[in-house]
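Engineer: The amino acid sequence is not available; the structure is as follows:
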């Protein structure tokens, strides 16, 4: 529960950044809902005051006592009739005089026709049309049931269409005005709904835009250790899919929940204004639907959690499969990989089906059933005899209209609950990523260029606690020197460089540059004057010039071309159709491995680093390209401290210091000649590689 509150609070914090826009949208929404909810009240007014008013008591004026001048009256078949409410303008004395001189009659709607009943003085009871017809098409017999045992029959006159129109002659104008107001309110509500929907949805997009930017900023602050243990696809899912699910929360659920809540509140106000007794009955729905929603959330939460987890795992598998597709195809692992994916996909499908089963049983079906039963019960209870005495037909109609509207927002909330749960689960994962400890990024403007003196002082390091990969590493590299690290795979060469770059912190010992410890130093300031070239170079989508400068405004086109020339890359670049502006697709797949490596070298050189790190940078380059790079490095390494991690020992013969590592420890150190004289591990490695090369040459010859 605490986690949910935290997620809700943090989501609310993002929403509060745009509180004025949201408040404006909600204000507009209230106006729109008010305009919509006025419809049944207008219908009630039209029915009770204008359409049903014909069934009020009427008086047939006597020949000697006609209505006063200015009083409304209706003429039918040569007789004058006055409706009881038209007498309200008269004084009590005049009204009593007129009523005493006139005969009370009724106009009643019976089985599709309007009938005049003037043969009785009592009009209470239930009236119906008798099957016995009197002489003449406009004559009929009506029956009134006074109670369970008393029934009476009276003659009645059926009115023609013209005569019926005369009864409503004073109501047509008022009805048209009310209908005009109703249409105006509908148009106004439609326009206001558009404004609030646009405002709320654009605000939701703003919130998600900000959240995605926060995620992108934060993942660049997270230590590299996190990415060593987290599949790339899962991180992509957090930024792309999970934020999209949260967008649905703000755009769909929030809008639906607010609209529905305001609708329900407005409907309750209208119901209590119409009839308190009926409104009190509807209050039972609130706890009922609250319990159903709680059950729905409880059972569907676990299924949605599984679905989101499987989606994340599927994205990770897809990302990995695409990255290693040549390996999968080369080793014929397509079916095995497909089987693994099918297991995840089926698990997600089963959870999805179970979730929809809960949703179907507890949402629209349940709400629709309760709504239908309630409407049927209301019609049964207030229908028939009690309709004439309990409530007016206009109130009855408005109540049925409002009760029908009451269940629509409930169904809308249920329909969006799945989106809300999916968003909450996604938000938990997004905020988990945002809560990971990160380091603030700094511009590192004005950071002085170091001399390049590097010292490792008894450094120990472990990726996992208790399993050190480096033990007691100590060495110094002076300005302008070249230090080579050699050793079998897993001996700790790359780990030393990762510590120097600040990707990890040593478990023990100290690393110093120019005599100052790098512990606690800004990583941006630390790396500002460092350059690195990896064994598998990465090129970004763009052109060749961009892949050298990487947004650095200090590297102009002249420096770009000079760096490419120094590493020997200009010869093949100038032959490309676009030259230095040649587009580079993702990862530079249209270029050869050697060409990508040369551009990566040029990138490092263009930044003019004080410390240059080559992590097996020549491992995937042919001998001719390696010769170009070796020639360029002799020029650019002057004045720089250069670290070389190499398997090919022929590339480090000129290094000032060679460190031989084995199982995380430095077992030999010295120049090439010194290590060869020592005839230790380095000597054996060199002889093995030299023997292999000689054997290869002999085979080629």
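Structural biologist: All right, it came through fine. These numbers come from a predicted model, not from an experiment.

Engineer: Does residue 83 touch residue 72 like I think?
Structural biologist: Yes: in terms of Cβ atoms under 8 Å, residue 83 counts as a neighbour of residue 72; the distance is 7.3 Å. Glycine gets a C-beta too; all of them are placed from N, C-alpha and C.

Engineer: who's more crowded, the two?
Structural biologist: residue 83 (19 against 13; other Cβ atoms under 10 Å).

Engineer: got a pLDDT number for that one?
Structural biologist: Residue 83 carries a pLDDT value of 88.

Engineer: now swap in residue 676 and tell me
Structural biologist: 92.

Engineer: ok, now residue 379?
Structural biologist: 68.

Engineer: Now do the same contact list for residue 78.
Structural biologist: If you count contacts by Cβ atoms under 8 Å, 6 or more residues apart in numbering, residue 78 has none.

Engineer: So, low pLDDT: which residues of the stretch 451-600 of the chain?
Structural biologist: 586-589 (pLDDT under 70).

Engineer: All the helices of it, residue numbers only.
Structural biologist: 493-500, 523-527, 544-549, 557-566, 570-573, 593-606 (DSSP state H, counting those that start in this stretch).

Engineer: hey, which of the ones you listed is tucked in deepest?
Structural biologist: For those, the largest average neighbour count (mean count of other Cβ atoms under 10 Å) is found in helix 593-606, namely a mean of 24.

Engineer: Mind checking what helix or strand follows it in sequence?
Structural biologist: Note on helix 593-606: by DSSP states H and E, the next helix or strand toward the C-terminus is strand 611-615.

Engineer: My assumption is that residue 447 lies in a helix; please confirm.
Structural biologist: No: secondary structure of residue 447 (DSSP: H, G, I helix; E, B strand; the rest coil): coil, not part of a helix.

Engineer: could you give me the average pLDDT of stretch 212-230?
Structural biologist: Averaged across stretch 212-230, the pLDDT comes to 82.

Engineer: Now do that stretch: distance from first to last residue.
Structural biologist: 19 Å (Cα to Cα, to the nearest Å).

Engineer: can you pull the buried residues of that stretch?
Structural biologist: For stretch 212-230, the buried set under the neighbour-count rule, 16 or more other Cβ atoms under 10 Å, comprises 212, 215, 219, 222-223.

Engineer: now stretch 50-58
Structural biologist: Residues of stretch 50-58 classed as buried: 50-55, 58 (neighbour count, 16+ other Cβ under 10 Å).

Engineer: That one spans what distance, first to last residue?
Structural biologist: 14 Å.

Engineer: Repeat that for stretch 503-522.
Structural biologist: 12 Å.

Engineer: same deal with stretch 58-70?
Structural biologist: End-to-end span of stretch 58-70 (Cα to Cα): 17 Å.

Engineer: what is the mean pLDDT for it?
Structural biologist: 83.

Engineer: Now do it: everything it contacts.
Structural biologist: 73, 79-84, 87, 90, 94, 98-99, 101-107, 118.

Engineer: how does it look with 10 Å?
Structural biologist: Among residues not part of stretch 58-70, those counted as contacts by Cβ atoms under 10 Å, 6 or more residues apart in numbering are 71, 73-76, 79-84, 86-87, 89-90, 94, 97-107, 116-118, 167.
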